[in-house]
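Enquirer: Here is my input; please provide its structure:
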Amino acid sequence: MRKRLRVPDLAPFRGLRYTAGPDLTAVTAPPYDVIDAQERASLLASHPNNAVRLILPEGPGDEAYDTARATLAAWRAAGILSVDPDPALYAYRMDEPRSEGATHRTIGVIGALALPNPDADDILPHERTLPKAKSDRLALLRATKANFDPIWGLTLASGLAALVDAVPPLARSVDAEGVVHEVGRIDDPERIATVRALVASEPMVLADGHHRFETACTYRAETDGPGTDAILALVVSLDDVRLDVRPFHRLVRGAPADLRGRLAELWSVHPAGAATPETIARLVADMERADALGLVDAEGAALLVPTPGLPPVLGGLPEPLRDVDAARFDVAVKPFLGGATLAYRSDAASVARVVLAGEADSAVLLRGVHVEEIRDAAHARVLMPEKTTYFAPKPRTGMVMRTLDGS
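Expert: Model prediction:
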């Protein structure tokens, strides 16, 4: 049996926050890895002090990271950002509008999550990472010595939401999808101790932020500076909410002209018509019913239904991954793509629009994974492919941040 050397530790910290609250809509941003060039321009236009200037700074090469450091220092000197006087945990709520006026609430707590020892079992990743994304985040961390956006952990302990839901908000932000984000301080020592004990009672599955997590571990290994042994993290109880986990679809550039014919070796290709929004919606529903993938290309949309030749190919995967579409893509679609390059988006309709606009040759649509599958893969020490899961809604960058030294 693997020995657990310690338990997850979520510590209070002195939050770095905007002083212009309570409405932070104009200055907050999505996480860096879901912002494209168009959205970055929109965020920059929304306010001169938008947090996107910190997480996606301008400039060639390493100058961009120097710009982020200088921006952070200037905003602190001008009083745009300030550090709370005392350490605290921070309650975080996301209210997402659903159909017919319903609201889906996600509740968690933000703190400084202690980084694990290399052989510890307290924080379990579930997904591989991309080297370039890690090198970019490491350069930013070295330059700024700050965590601007939280990673996302799922504790297997129950009851966290009940401990923090009543905390009054200090600030709020409304994102482009209408999700209301609220943050509040937890500075009562007794409540802090209760929350920390709950989080420490069970292992944690790393849901989102693998690149930043690995970057923090790398930075800790290369320096012993203050605060390098922890990372800003939002923790949510797996049992408290039904999390919305969406897939990352694969945009393909440089696909072979005869891709449909190549895929027919392992997939039965069923044409679904022109790639209209209505067709894509039906295709996504059909994928669930048929255990299938989706395809969008110059010919329109199609359903990729497994043939009898697929199970032997999937048999080479670890058991927890055999029903995970990102893994099925890697072993049963990617080999037919030749030298094509991939990009990733979470919305099927927008993926189809990219293909129709000629910005990609084709796209393969995937189904999302369930939280239970993430948990099982993490416990089995099996990593899903990079860009398998898209957790929604995303916490806003800038609601509360963390300087490594707490000053």
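
Enquirer: ok, and the closest non-adjacent residue to the most centrally placed residue in the chain?
Expert: Centroid-nearest residue in the chain, with C-alpha atoms, centre = their mean: residue 208, separated by 3.9 Å. The spatial neighbour of residue 208 that comes closest, neighbours along the chain excluded (C-beta to C-beta, 6 or more residues apart in numbering), is residue 152 at 3.8 Å. Any C-beta I mention is one placed from the backbone N, CA and C, and that applies to glycine too.

Enquirer: just checking, the one you found touches residue 207?
Expert: Yes. The criterion here is C-beta atoms under 8 Å, and residue 152 meets it with residue 207 at 4.5 Å.

Enquirer: which neighbours do the two share?
Expert: Common neighbours of residue 152 and residue 207, using C-beta atoms under 8 Å, 6 or more residues apart in numbering, are 236, 391.

Enquirer: Residue 382: what's it in contact with?
Expert: Here residue 382 is in contact with 318, 320, 321 (C-beta under 8 Å, 6+ apart).

Enquirer: Just the buried ones from those?
Expert: 320, 321 (16 or more other C-beta atoms under 10 Å).

Enquirer: Sort out which one of the contacts of residue 382 lies nearest residue 50 for me.
Expert: Taking C-beta to C-beta as the measure, residue 50 lies nearest residue 321 of those, at 38.5 Å.

Enquirer: State the distance from the closest one to residue 379.
Expert: Counting by C-beta to C-beta, to the nearest Å, the separation of residue 321 from residue 379 is 13 Å.

Enquirer: go on, residue 398?
Expert: Taking C-beta to C-beta as the measure, residue 398 falls 34 Å from residue 379.

Enquirer: Would you agree residue 336 is in contact with residue 262?
Expert: Yes. Between residue 336 and residue 262 a contact is recorded at 4.1 Å, counting by C-beta under 8 Å.

Enquirer: Could you tell me which residues touch both of these two?
Expert: Jointly contacting residue 336 and residue 262 under the rule C-beta under 8 Å, 6+ apart are residue 256.

Enquirer: The stretch 301-407 of the chain: strands as residue ranges?
Expert: Ranges of strands in the stretch 301-407 of the chain, per DSSP state E, counting those that start in this stretch, are 341-345, 362-365, 389-392, 402-403.

Enquirer: one step back: residues in contact with the residue nearest to residue 208?
Expert: By C-beta under 8 Å, 6+ apart, residue 152 lies in contact with 206, 207, 208, 209, 233, 234, 235, 236, 391, 395.

Enquirer: Pick out the most distant pair among these.
Expert: So, the contacts of residue 152 by C-beta to C-beta: farthest apart are 206 and 395, at 14.5 Å.

Enquirer: Settle it for me: which of those two has more neighbours?
Expert: Taking neighbours as other C-beta atoms under 10 Å, residue 206 and residue 395 compare with residue 395 leading, 28 against 21.

Enquirer: Please report how far the more buried one lies from residue 275.
Expert: Counting by C-beta to C-beta, the gap from residue 395 to residue 275 is 32 Å.

Enquirer: And for residue 11?
Expert: Residue 11 sits 49 Å away from residue 275, going by C-beta to C-beta.

Enquirer: who's more crowded, the two?
Expert: Comparing residue 11 with residue 275 by other C-beta under 10 Å, the one with more neighbours is residue 275, at 26 against 15.

Enquirer: close enough to count as contact, that one and residue 360?
Expert: No. If you go by C-beta under 8 Å, residue 275 and residue 360 don't touch, sitting 11.9 Å apart.

Enquirer: Any stretches of this protein with poor pLDDT?
Expert: Along the chain, segments meeting pLDDT under 70 span 1-6, 118-133, 239-242.

Enquirer: Mind naming the longest strand for it?
Expert: strand 103-114 (DSSP state E).

Enquirer: Any buried residues in that strand, and which?
Expert: Buried residues in strand 103-114, defined by neighbour count with 16+ other C-beta under 10 Å: 104, 106, 107, 108, 109, 110, 111, 112, 113, 114.

Enquirer: farthest pair in the residues you listed?
Expert: With C-beta to C-beta as the measure, no two of these lie farther apart than 104 and 114, at 30.2 Å.
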